[in-house]
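S.K.: Compute the structure for the input listed below.
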Amino acid sequence: MLRIKDLTIVRDHDHYPLITKLSFSLQRGDKLALIGAEGNGKTALLRVICRPEEAASYLRWTGHIDYESKRLGYLAQECPPALRKQTVEELTLPHLADKELYRLADQLFLDSSLLHVPRQLGDLSGGERMKLRLILLMLDRPDIYILDEPVNDLDLQGIQFVEHFIRRAAEPVLFVSHDETLLERTANKILHIEQVWRRTEARITYSGLGFSDYRQQFLQGIERQNRLAAKKEADYRSQLRRHHEIQDKVHRAQENISRQDPSGGRLLKKKMRAVKSTGRRLERQHEAQTKRADREDLVGFFLADLPGVAEGKEILRLQLPRLMVGETVLANNVRLTARGPERIGITGNNGCGKTTLLRLIEQELSAGNKLKVFFLPQDWQQFCDGQISALDFLDDQGIAGLRQEASNLLGSLNFSWEEMNRPAATLSGGQKIKLAYAKLRLTQAEVLILDEPSRHLSPLSNPVFRAGLALYPGAVISVSHDRVFLREVCSRVLRLTSRGLKEEDPWLFSSRD
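M.R.: Residues are numbered from 1 along each chain as shown. Here you go, the predicted structure:
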């Protein structure tokens, strides 16, 4: 139904190849997951397929894209600005007589009264906005679904709905997701986009395996390649040592040969030419031999050396009779006590006030000035001026030593020099999270307040990020619906309800459907 043949995509401003000679087809029943490290071109590929007029503003491509006059249903990663300005009632008005509108809202645990409000989409919570966008997309009944991060901002019920939809959809689905649980439960094929050899070459792998099997095969393949590369390198070093010994021996013989032996001198010159020819052959073989594989999961999310908080030290005692937004009461009797070095995860339904609560916690901790606090909001625009470069964001004072440290940090996170120096707004979602991590390290924070920190990271680099947070000696308070994050990172999980925070077992998230 969707056929891609010999598709090559390059960035317009520097002709950098994101995708080279990609060919695949998407057929009925396919649930094809598009994975890859941050900035590798996943969103670029979907835009070229679905929104070529937008993609043409910064990309150039060749190749063939055909979907047989089928209707594409595209969910962009970010809600388009024009859509954010439209009201909910304007968007739902054409569908008010369709029973499917209310059925989908009910399945997504979206209050049906929200379907008629005159509020702009941009004024809703991130989860409410995503749920409405999903509903509108499904009501359009496309022939092919193309979804870019469809579970971003969703609560657990919303994520489970998307899982169920992808599994059951008769239509083919091409989707990007960084939620490892969702990938494991839905994908029956994988399209892996990589940038290898220090991000100088694009590589594409198409696999008929599910995510877990593909990941295992991918990592085993890297291990095999690296073992072979190590053996080849050892053999080359051994041959090179022998070559240098022979070359030195011939050179010494040339220095010591008598002028009265011209025949011997000619033989030694001939032998030296042969030795040098052998050296050039060894170099050519070394250049062509198996190289160590790049590992997109080997990024520098190292936090164990940052300042900590003493075991059991109370850092927060929050008591809110009411949690409110304007005149609306979201929850009553919200109480939270946090001690070092706890890692607390907060979950709950969309619109219940998690982000509001997190901001109050950040304000409470920052007001005391007793601890260094790092706050990562869900809305990137509240965190960073997107018009400045990544390096300028990390070093806003122009301090030479700090700038070098910032450059080294970004390099350890697989940023290219060009990515370090272009406007932060042009970075991918995952690269923005990595930039926030670099800021975190430079801040030397003792307490981290994080709103959905793992949502944009690659499913192959997310495990490293979780491992880093698990070893962080400070305290972490985070809003998250990432089930693996809640299970592996959080020592406590609290669900925000209308009656306050309720304790949950983190291991519930290993099997919940």
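S.K.: For the closest residue to residue 387 other than its chain neighbours, list the residues it contacts.
M.R.: Leaving aside its sequence neighbours, residue 387 sits nearest to residue 423 (C-beta to C-beta, 6 or more residues apart in numbering; 5.4 Å). For glycine as for every other residue, the C-beta is placed from the backbone atoms N, C-alpha and C. Neighbour list for residue 423: 386-389 [criterion: C-beta atoms under 8 Å, 6 or more residues apart in numbering].
S.K.: and the closest residue to residue 39 other than its chain neighbours, backbone torsions?
M.R.: Spatially, and ignoring its direct neighbours in sequence, residue 39 is nearest to residue 428 (4.5 Å; C-beta to C-beta, 6+ apart). Main-chain dihedrals, residue 428, degrees, to the nearest 10: phi -70, psi 170.
S.K.: Tell me how far residue 428 lies from residue 194.
M.R.: With distances taken as C-beta to C-beta, to the nearest Å, residue 428 is found 14 Å from residue 194.
S.K.: same deal with residue 120?
M.R.: 39 Å.
S.K.: Phi, psi for residue 191 please.
M.R.: With angles defined as degrees, to the nearest 10, residue 191 sits at phi -120, psi 110.
S.K.: contacting residues around residue 497?
M.R.: Residue 497 neighbours (C-beta under 8 Å, 6+ apart): 331, 348, 352.
S.K.: Can you tell me what sits against the host helix or strand of the first one?
M.R.: Spelled out, it's residue 331. Assigned by DSSP states H and E, residue 331 falls within strand 328-339. Contacts with strand 328-339, where a contact means C-beta under 8 Å, 6+ apart, come from 309, 312-324, 344, 351-353, 356-357, 361, 475, 477, 494, 496-501.
S.K.: Can you flag the buried ones in those?
M.R.: Among these, those classed as buried by 16 or more other C-beta atoms under 10 Å are 309, 315-316, 320, 323, 344, 351-353, 356-357, 361, 475, 477, 494, 496-497, 500-501.
S.K.: just the helices in the stretch 301-450 of the chain please.
M.R.: Taking DSSP state H, counting those that start in this stretch as the test, the helices found in the stretch 301-450 of the chain are 354-368, 390-394, 400-412, 417-421, 429-443.
S.K.: Among those helices, single out whichever gets nearest to residue 36.
M.R.: Of all those, helix 429-443 sits nearest to residue 36, with 9.6 Å by C-beta to C-beta.
S.K.: Which strands or helices does that closest one pack on?
M.R.: Applying 3 or more C-beta pairs under 8 Å, 6 or more residues apart in numbering; DSSP states H and E, one finds that helix 429-443 contacts strand 373-376, helix 390-394, helix 400-412.
S.K.: Next up, the contacts around the residue nearest in space to the middle of the chain.
M.R.: Taking C-alpha atoms, centre = their mean, the centroid of the chain lies closest to residue 457, which sits 2.1 Å from it. Residues near residue 457 by C-beta under 8 Å, 6+ apart: 38, 178, 430, 433-434, 465.
S.K.: Checking it next. Helix, strand or coil?
M.R.: coil (DSSP: H, G, I helix; E, B strand; the rest coil).
S.K.: so who does the closest residue to it other than its chain neighbours touch?
M.R.: Nearest non-adjacent residue to residue 457, counting by C-beta to C-beta, 6+ apart: residue 430, 5.0 Å away. By C-beta under 8 Å, 6+ apart, residue 430 lies in contact with 37-39, 178, 456-458, 461.
S.K.: Quickly check those for the two that are furthest apart.
M.R.: 39 and 178 (13.1 Å).
S.K.: contacting residues around residue 421?
M.R.: 389-391.
S.K.: what's the answer for residue 243, then?
M.R.: Residue 243 touches 275, 278-279, 282, counting by C-beta under 8 Å, 6+ apart.
S.K.: gap between the lengthiest helix in the chain and the chain center?
M.R.: In the chain, taking DSSP state H as the definition, the longest helix is helix 211-256. Centroid displacement of helix 211-256 relative to its chain, using C-alpha atoms, centre = their mean, to the nearest Å, is 34 Å.
S.K.: so after it, what's the next helix or strand?
M.R.: Taking DSSP H and E, what comes next after helix 211-256 is helix 262-288.
S.K.: tell me what that next one is packed against?
M.R.: Counting contacts by 3+ C-beta pairs under 8 Å, 6+ apart, helix 262-288 packs against helix 211-256.
S.K.: what pLDDT, on average, does the helix it packs on get?
M.R.: Averaged across helix 211-256, pLDDT comes to 83.
S.K.: any idea how far residue 368 lies from residue 439?
M.R.: 21 Å.
S.K.: which sections of the stretch 401-513 of the chain are below the confidence cut-off?
M.R.: Low-confidence segments of the stretch 401-513 of the chain (pLDDT under 70): 507-513.
S.K.: same thing but 90
M.R.: Counting by pLDDT under 90, the ranges of the stretch 401-513 of the chain that qualify are 401-402, 411-419, 422, 425-434, 437, 452-465, 467-468, 470, 483, 504-513.
S.K.: Break this protein into its domains for me.
M.R.: For the chain, automatic domain parsing gives the domain ranges 2-219, 237-288, 314-510.
S.K.: Quick check: end-to-end length of the first one?
M.R.: In this case it means domain 2-219. End-to-end distance for domain 2-219, by C-alpha to C-alpha, to the nearest Å: 29 Å.
S.K.: quick one: it to chain centroid distance?
M.R.: The answer for domain 2-219 is 15 Å, by C-alpha atoms, centre = their mean.
S.K.: swap in stretch 347-361?
M.R.: The answer for stretch 347-361 is 23 Å, by C-alpha atoms, centre = their mean.
S.K.: Can we start the residue count at 146 from this point?
M.R.: With the count now opening at 146, the last piece we talked about shows up as stretch 492-506.
S.K.: Give me the residues contacting it.
M.R.: 254-255, 269-273, 276, 298-303, 461, 463, 465, 468, 470, 475-476, 479, 481, 491, 522-523, 594, 596, 622, 624-626, 631, 638-643, 649.
S.K.: Chain neighbours aside, what residue packs nearest to residue 334?
M.R.: Closest residue to residue 334 apart from its sequence neighbours, by C-beta to C-beta, 6+ apart: residue 177 at 4.6 Å.
S.K.: angle of the helix or strand that neighbour falls within against helix 574-588?
M.R.: Using DSSP H and E, residue 177 sits within strand 176-181. Counting by axes from the mean of the first three to the mean of the last three C-alpha atoms, to 10 degrees, strand 176-181 lies at 40 degrees to helix 574-588.
S.K.: Need the CA coordinates for the helix or strand following strand 176-181. PDB is fine.
M.R.: Next in sequence after strand 176-181, counting helices and strands by DSSP H and E, comes helix 187-195. Provided in PDB are the C-alpha atoms of helix 187-195 (Å, rounded to 0.1, in the frame of the first residue of the first chain):
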ATOM      1  CA  LYS A 187      13.000   9.600  11.700                       C
ATOM      2  CA  THR A 188      10.700  12.600  11.600                       C
ATOM      3  CA  ALA A 189      12.400  13.900   8.400                       C
ATOM      4  CA  LEU A 190      11.300  10.600   6.700                       C
ATOM      5  CA  LEU A 191       7.700  10.900   7.900                       C
ATOM      6  CA  ARG A 192       7.500  14.500   6.700                       C
ATOM      7  CA  VAL A 193       8.900  13.700   3.300                       C
ATOM      8  CA  ILE A 194       6.200  11.000   2.900                       C
ATOM      9  CA  CYS A 195       3.300  12.900   4.400                       C
END
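S.K.: Run the angle between helix 187-195 and strand 176-181 for me.
M.R.: 130 degrees.
S.K.: Many thanks, we can stop here.
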